[in-house]
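Asker: Need coordinates for the following:
(one chain, ligands or ions: 1)
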Amino acid sequence: MRVLIMQEVSRAGLDELDGLELVRGKDPAGCDGAVCYLIDRIDEAFLSTPGLRGLATVSVGLDHIDLAAAERLGIPISYTPDVLTEATADLTFALLLGAARRMGEGERYLREGRWTEWSFDLLLGTDVHGKTLGIIGPGRIGRAVARRAEGFGMRVLYAGREPGELDRVLSESDFVAVTVPLSDATRHLIGPEQLARMKHGAILVNTSRGPVVDEAALADALNSGHLGGAGLDVFEHEPQVHPGLLACERALLVPHIGSATRETREAMARTACRGLAQILRGERPPNLANPQVWPLETGVSR
Ligand code: GLV
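Answerer: You can find the predicted model right below:
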């Protein structure tokens, strides 16, 4: 059986595919399975490849995959929930702290040789402890961020799908962390109106997907002084970043590294690849993103 490897996968992941023929590239023709990352667009044409019986994505996000087509075509997908929850929550909290304490600005100030003497009001930020944190998306990562917030004595509010929750969380929170997956329902969930509802001086952190936040509106809200800062790991048009954000000192920006620790990336590669190997053996993997396609209607000979 042949598996297409669309981006380089670490040894730990490849070991899970032991015994299968591995080919590198983007073309799934002649392959039984494929391993992709979030930068690979997996559309209906890809999923319709004759003989393709399974997909592994080394990510928890699934917005790069046409899930409706996968369901129609009965293609099971293994993904990487759980194993990246803590690392992503760590980075979310790091961005929250970094934006609150103006760490990006401070580092630039020092490296550029602008620090000539200590002064009482240099780079004053805002307290984190005791403040209110609003979490948009009370899923695994959102709850892991909340656990960290407890250690800082923060009050935590959640916005899920109930009407009115989002408005309340936005208007009462000093910090807002966006941890909701990207879908048609969440694209630009945070736009100009929602940003206007946030408290003056509040800080927005996004470690989910860029398009959940309207980047141009966020740049305006920061540059007008309405928001006190932002910590962003994800962007609407990666790897491009809106010029209004690049120009904004109060935006702490990192290049989509939420799960980027050695331990977590190894675990992700292993989890995704092991799931695909199981699918190809006709076994249901525990990390199936689309359980509705299982049991397979026509079995592994499809
Ligand atoms: C990272 O963004 C992921 O979806 O795994």
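
Asker: For the stretch 101-250 of the chain, which segments count as helices?
Answerer: Under the criterion DSSP state H, counting those that start in this stretch, the stretch 101-250 of the chain contains helices at 103-111, 140-151, 165-172, 192-197, 215-223, 243-246.

Asker: Any part of the second one near the ligand?
Answerer: No. Residues of helix 140-151 are not located near the ligand by Cβ under 6 Å from any ligand atom, the shortest gap being 9.8 Å. C-beta: built from backbone N, CA, C; applies to glycine.

Asker: Show me which positions of that helix end up buried.
Answerer: 140-146, 148-149 (16 or more other Cβ atoms under 10 Å).

Asker: What mean pLDDT does that helix get?
Answerer: Averaging pLDDT along helix 140-151 gives 98.

Asker: cool, stretch 92-108 as well?
Answerer: 98.

Asker: ditto for stretch 161-175
Answerer: The model assigns stretch 161-175 a mean pLDDT of 96.

Asker: chain center to it: distance?
Answerer: With Cα atoms, centre = their mean, to the nearest Å as the basis, stretch 161-175 stands 21 Å off its chain's centre.

Asker: who's in contact with it?
Answerer: Stretch 161-175 has contacts (Cβ atoms under 8 Å, 6 or more residues apart in numbering) with 96, 100, 126, 128, 131-136, 154, 157-159, 176, 189, 194, 197-199, 201-205.

Asker: Tell me the buried residues within those.
Answerer: 96, 100, 126, 128, 131-136, 154, 157-159, 176, 189, 194, 197-199, 202-205.

Asker: Show me what from the stretch 1-150 of the chain comes close to the ligand.
Answerer: So the stretch 1-150 of the chain meets the ligand at 38, 59-61, 84 (Cβ under 6 Å from any ligand atom).

Asker: Let's see that with 8 Å instead.
Answerer: Within the stretch 1-150 of the chain, the positions adjacent to the ligand are 38, 58-62, 80, 84, 88 by Cβ under 8 Å from any ligand atom.

Asker: is it true that V83 touches R265?
Answerer: No. Look at V83 against R265 with Cβ atoms under 8 Å: they stay out of range, at 9.4 Å.

Asker: need the contact list for the residue nearest the centre of the chain.
Answerer: Nearest to the mean C-alpha position of the chain, by Cα atoms, centre = their mean, lies S208 at 3.5 Å. S208 makes contact with 61, 137, 141, 178-182, 234, according to Cβ under 8 Å, 6+ apart.

Asker: If you rank those residues by neighbours, which is first?
Answerer: I141 (28 neighbours; other Cβ atoms under 10 Å).

Asker: ok, the closest residue to that one other than its chain neighbours - contacts?
Answerer: Nearest non-adjacent residue to I141, counting by Cβ to Cβ, 6 or more residues apart in numbering: T179, 4.5 Å away. When contacts are counted by Cβ under 8 Å, 6+ apart, T179 touches 92, 135-137, 139, 141-142, 145, 207-208.

Asker: residue ranges with poor pLDDT in the stretch 151-300 of the chain?
Answerer: For the stretch 151-300 of the chain, the stretches with pLDDT under 70 are 297-300.

Asker: can you map out the strands along it?
Answerer: 155-159, 175-178, 203-206, 229-232, 251-253 (DSSP state E, counting those that start in this stretch).

Asker: if we can go back for a sec, please determine how far the residue nearest to the centre of the chain is located from C248.
Answerer: Here the criterion is Cβ to Cβ, to the nearest Å. By it, S208 lies 20 Å from C248.

Asker: so what's P286 closest to, chain neighbours aside?
Answerer: That would be G275: by Cβ to Cβ, 6+ apart, it lies 7.6 Å from P286.

Asker: one step back: measure the residue nearest to the centre of the chain to L296 for me?
Answerer: Distance from S208 to L296, by Cβ to Cβ: 31 Å.
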